[in-house]
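Engineer: sequence first, then the predicted structure:
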Amino acid sequence: MLNTFAASCDARPSGRRPLGTTGFTLIELLVVIAIIAILAGMLLPALSKAKAKAAAATCGSNHKQLQLAWNMYYEDFDSRLAINTNWPPLANIDRTWCAGWMRVGGNFQPDSVTNENYYTQAIMGSYFARNARLLKCPIDKYVQPGMPAPVTGMSFVRSITMNVFMNGGSAFGNPVMGSLGASLVFRRATDIRQPAENFVFTQEDPTSIDDGVITSTIDAPGNAGNRSFNNRPAATHAKATTLSFADGHVENHRWNQTTLSSTIDVPVTASATDAIWFKTRANENFVP
Ligand SMILES: [Zn+2]
């Protein structure tokens with residue numbers, strides 16, 4: 001009997017399995033695939049969270065350096081804040097900290113989508129060693145639909161903008177919105193009573209960013225416009241964003257309400273809680 005079995009085994013061509021058995025049945029294969037899918041499903045959110053955390057750390061460090069540059073700038077200029085003019089062309093980069101307009105529509109300047117000179121060569125550039133990388137979030141890969149040639153499919157070169165109330169200028173239009181906006185702009189560091197409560201830089205929502213200024217409508221107390229965003233800060237760090245403040249500190253702030261816009265998280269425009277949080281930090285004089 002043993003001999004017969006051994007003989008029949010030897011008769012098999014090498015590498016083949018005994019008749020009647022296979023490696024996996026279809027069911028077994030499906031079970032394995034399902035288990036892999038479940039494990040991947042558990043891992044992917046953790047991975048994207050880790051990615052967002054890493055980006056928040058990088059952006060935190062970038063904001064810190066940029067913020068330090070802003071503080072050094074006014075110390076060199078008798079407490080006068082860096083000019084924050086909206087959308088000048090490249091020829092006028094001596095009139096602002098950041099020129100250009102990257103978004104299709106409005107004051108679109110196609111060259112500014114990819115050209116870092118629009119801010120590295122502007123008035124604050126030497127204060128941050130003209131390091132273009134400081135103004136781009138590593139996970140901001142958003143591409144605005146409808147970008148014309150030669151910038152078709154290109155992601156914006158910059159993710160960071162400056163609070164309009166930090167010496168927001170109007171040489172090329174009026175960036176300060178709302179009936180009270182213009183009267184509340186800080187011109188000198190000494191105008192800011194609570195530097196730890198007023199932000200200077202933030203990462204702007206890639207579906208909102210255009211020029212170097214992030215605007216906030218500020219009207220009389222009780223006005224509905226006070227409870228919604230105009231330009232929106234980002235929500236790309238796992239529903240949070242980075243902001244740096246006039247005293248030099250940096251925060252990663254998580255929004256209460258975000259929504260998915262095409263592929264990225266954005267703050268809900270009419271989220272009163274989030275808009276009021278943001279505007280209170282855009283200007284210490286803001287009353288909702
Ligand atoms: Zn970022």
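Structural biologist: Noted; the coordinates are in hand.
Engineer: ok, then the element right after the helix or strand encompassing residue 60?
Structural biologist: Assigned by DSSP states H and E, residue 60 belongs to helix 26-76. Scanning forward in sequence from helix 26-76 by DSSP H and E, the next helix or strand is helix 117-120.
Engineer: quick revisit: the helix holding residue 60 close to the ion?
Structural biologist: Yes: contact of helix 26-76 with the ion (C-beta under 5 Å from the ion) involves 55, 59. Any C-beta I mention is one placed from the backbone N, CA and C, and that applies to glycine too.
Engineer: just checking, residue 139 is part of a strand?
Structural biologist: No: with DSSP: H, G, I helix; E, B strand; the rest coil as the criterion, residue 139 is assigned coil and is not in a strand.
Engineer: if I pick it, what's in contact with it?
Structural biologist: Neighbour list for residue 139: 51-52, 55, 236-237 [criterion: C-beta atoms under 8 Å, 6 or more residues apart in numbering].
Engineer: what pLDDT is listed against it?
Structural biologist: For residue 139, the model assigns a pLDDT of 90.
Engineer: residue numbers of the chain in contact with the ion?
Structural biologist: Neighbours of the ion within the chain, by C-beta under 5 Å from the ion: 55, 59, 137, 203.
Engineer: returning to that earlier point: turn the buried ones among the contacts of residue 139 into a named PyMOL selection, would you?
Structural biologist: Buried residues among the contacts of residue 139 (16 or more other C-beta atoms under 10 Å), as a PyMOL selection:
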select buried, resi 52+55+236+237
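Engineer: could you dump the contacts of residue 139 into CSV and include distance to residue 142 and pLDDT?
Structural biologist: Output for those, formatted as CSV (distance: C-beta to C-beta, whole Å; pLDDT from 0 to 100):
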residue, distance to residue 142, pLDDT
51, 15, 81
52, 15, 81
55, 13, 83
236, 8, 92
237, 14, 92
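Engineer: and the contacts of residue 139, which two are furthest apart?
Structural biologist: Spatial extent of the contacts of residue 139 (C-beta to C-beta) is set by the pair 51 and 236 at 10.3 Å.
Engineer: closest one of the contacts of residue 139 to the ion?
Structural biologist: residue 55 (4.6 Å; C-beta to the ion).
Engineer: so what's that closest one closest to, chain neighbours aside?
Structural biologist: residue 139 (4.2 Å; C-beta to C-beta, 6 or more residues apart in numbering).
Engineer: give me the element the residue in the stretch 151-288 of the chain positioned nearest to the ion is part of.
Structural biologist: Nearest to the ion in the stretch 151-288 of the chain, going by C-beta to the ion, is residue 203, at a distance of 4.9 Å. Assessed by DSSP H and E, residue 203 sits inside strand 199-203.
Engineer: does anything pack onto that strand? Which helices or strands?
Structural biologist: Here strand 199-203 touches helix 26-76, strand 160-163, strand 240-245, going by 3 or more C-beta pairs under 8 Å, 6 or more residues apart in numbering; DSSP states H and E.
Engineer: could you give me the average pLDDT of the shortest one?
Structural biologist: Throughout strand 160-163, pLDDT has a mean value of 97.
Engineer: now for it, which elements pack on it?
Structural biologist: helix 26-76, strand 199-203, strand 213-214.
Engineer: which residue does the stretch 101-250 of the chain bring closest to the ion?
Structural biologist: residue 137 (2.9 Å).
Engineer: make a markdown table from the helices and strands packed on strand 199-203 and add distance to residue 263 to it.
Structural biologist: Supplementary listing: the helices and strands packed on strand 199-203 in a markdown table, determined by distance: least, C-beta to C-beta, whole Å:
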| stretch | distance to residue 263 |
| --- | --- |
| helix 26-76 | 12 |
| strand 160-163 | 20 |
| strand 240-245 | 17 |
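Engineer: where does the stretch 151-288 of the chain dip in pLDDT?
Structural biologist: 171, 173-174 (pLDDT under 70).
Engineer: what about the helices in it?
Structural biologist: Counting by DSSP state H, counting those that start in this stretch, the stretch 151-288 of the chain has helices at residues 272-282.
Engineer: show me what contacts residue 44?
Structural biologist: Contacts of residue 44 (C-beta under 8 Å, 6+ apart): none.
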